[in-house]
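Participant: here is my input, please return the structure:
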Amino acid sequence: MKIVWNQQIYKWKFLEMELLEVEKEDWKTTKRESVKRINSQPVVSSLVENITNNTFVLVEQFRAPVNKRVIELVAWVCDKPWYTSEQIIREEIMEETWYNAKKIELLLRNAPKSPWMIWELWDTYYSQVEWERWEQRLEDFENIDVLEFEKKDLIPYLKAKEKEWILISSWIFTVIWSMLARWINILK
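Facilitator: Residues are numbered from 1 along each chain as shown. Just a heads-up that it's a prediction; the model follows:
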């Protein structure tokens, strides 16, 4: 399959919508809609572990497209081309959670999160922080709660939040599975 034609339908400040014509193996075509970031900026995210307290650190914030609060990993669009992905995620961890990342390890590179609709690739990291905590520095439009809980309580905690009608990003489970798969291979 391949894209044989595309047309911009609408362009906003950060996103544009396109109509695509896709040719299948049998030469038949079908149309699809897609959204992409202007300048093809990747997104970085990280699962954060506080190694001093043996806890996970996630964030909860309102997401307008789903009109609900969502629990998710620390994440940001790579909108500073002079920074590496590692520098951006380190800065975001500091801004959103108040922690200073001591170790950052790449788990997934260029992973599509919603490939059926959005042209967006994610680099996802595992980060370790220690006890020291600084002052949260959010953008004017952000309202982020920092969630920190013991690792053994991850699933019960998320299930309790679901009962409060708070959405849980599936990316959290993708990253944890990736970490487990990696650790199992290391232990072999």
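
Participant: please, which helix or strand holds the residue minimising distance to the centre of the chain?
Facilitator: Nearest to the geometric centre of the chain sits Ser45, at 4.3 Å (C-alpha atoms, centre = their mean). Assessed by DSSP states H and E, Ser45 sits inside strand 43-50.

Participant: okay, that strand in PDB with CA atoms only?
Facilitator: Only the C-alpha atoms of strand 43-50 are listed here, as PDB (Å, rounded to 0.1, in the frame of the first residue of the first chain):
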ATOM      1  CA  VAL A  43       6.800  13.900  20.900                       C
ATOM      2  CA  VAL A  44       8.900  12.700  23.900                       C
ATOM      3  CA  SER A  45       7.500  11.000  27.000                       C
ATOM      4  CA  SER A  46       8.900   9.200  30.000                       C
ATOM      5  CA  LEU A  47       7.900   6.900  32.700                       C
ATOM      6  CA  VAL A  48       9.400   8.400  35.900                       C
ATOM      7  CA  GLU A  49      10.600   6.300  38.800                       C
ATOM      8  CA  ASN A  50      11.600   7.800  42.100                       C
END
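
Participant: state the next helix or strand along the chain beyond it.
Facilitator: For strand 43-50, the following helix or strand on the C-terminal side (DSSP H and E) is strand 55-63.
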